[in-house]
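Student: Just a sequence and a predicted model for now, questions to come.
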Amino acid sequence: MLFYRKDQESHQLTDEERRKKRMKWTIGITAFLIFQVAVVLFFVLVIMKFKSPKFRVGEFDIQSLNAGTQASPSFDMTFVAPIRIKNTNWGPFKYDATTVNFVYGGVQVGEVAIPKSKANFKSTKKIDANVTLNSMNLLSGSTLGSELSLGVITLNSQGELKGKVTVMFMFKKNKTSQMNCTMAIDVSTKALKSLSCR
């Protein structure tokens with residue numbers, strides 16, 4: 001009778017241990033599945049979210065500027081344009097060669113060639129381009145004369161950058177970035193007055 005009771009107690013302990021083991025396994029498997037789901041969600045929502053890199057001109061110093069008058073409107077200027085390609089993706093952005101056009105009143109007054117290259121992941125590619133602009137192509141009826149009387153020359157920089165973002169060496173997506181920046185040049189100080197990009 002005494003032996004039977006001891007066997008029953010040991011049998012109950014064994015069942016208790018088995019239940020605890022099952023609970024540990026269940027908790028472990030559940031935690032692992034939750035972790036896997038979190039990893040997949042992070043990968044899909046963050047890593048695999050492809051964005052178009054930002055394609056901009058940064059602030060610059062004018063090296064030379066010769067401007068005419070209201071009666072005889074003209075200009076020519078040179079500066080080094082800091083072109084910036086900001087890649088916020090989790091993979092490199094390989095882009096094709098392109099051109100940045102500098103425009104006054106809808107007419108091209110200069111251009112800069114951007115060579116084929118790449119912007120690494122989570123970084124900004126910096127290109128310093130020598131720019132020479134002049135007003136030779138402007139029509140006589142342009143607003144340059146009235147702008148010169150106010151002491152300001154308003155320019156636009158425009159460009160399109162096409163390339164491919166690669167994540168994890170195998171997921172690729174084509175992306176296009178547009179540059180559209182407006183800059184005001186102060187004629188009297190020969191300096192950049194304002195710059196805005198969208």
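Tutor: Alright, I've got the coordinates.
Student: Let me know whether Pro75 touches Asn66 as I believe.
Tutor: Quick fix: residue 75 reads Phe, not Pro. Yes: counting by CB atoms under 8 Å, Phe75 does reach Asn66; the two are 6.7 Å apart. To be clear about C-beta, it is placed using only N, CA and C from the backbone, and glycine gets the same treatment.
Student: More neighbours: the two, which one.
Tutor: Using other CB atoms under 10 Å, the more surrounded residue of Phe75 and Asn66 is Phe75, with 21 against 12.
Student: is the more buried one in a bridge, and if so with what?
Tutor: Judged by DSSP bridges, the bridge partners of Phe75 are Ala67.
Student: so where's the chain uncertain?
Tutor: Counting by pLDDT under 70, the low-confidence segments of the chain come to 1-13, 37-48.
Student: Helices of that one, residue ranges please.
Tutor: 2-42, 144-150 (DSSP state H).
Student: domain assignment for this protein?
Tutor: 1-47, 54-197 (automatic domain parsing).
Student: Of the ones you listed, flag the one that's most buried.
Tutor: domain 54-197 (a mean of 16; mean count of other CB atoms under 10 Å).
Student: Straight-line length of it, end to end?
Tutor: 10 Å (CA to CA, to the nearest Å).
Student: what's the answer for stretch 144-162, then?
Tutor: 33 Å.
Student: so who does the closest residue to Asn66 other than its chain neighbours touch?
Tutor: The shortest distance from Asn66 to any non-neighbouring residue, by CB to CB, 6 or more residues apart in numbering, is to Asp76 (5.3 Å). When contacts are counted by CB atoms under 8 Å, 6 or more residues apart in numbering, Asp76 touches 64-66, 132-135.
Student: Show the residue spans covered by the strands in this protein.
Tutor: Secondary structure of the chain (DSSP state E): strands located at 54-57, 62-67, 75-87, 93-95, 98-104, 107-114, 117-119, 123-134, 152-167, 171-186, 191-197.
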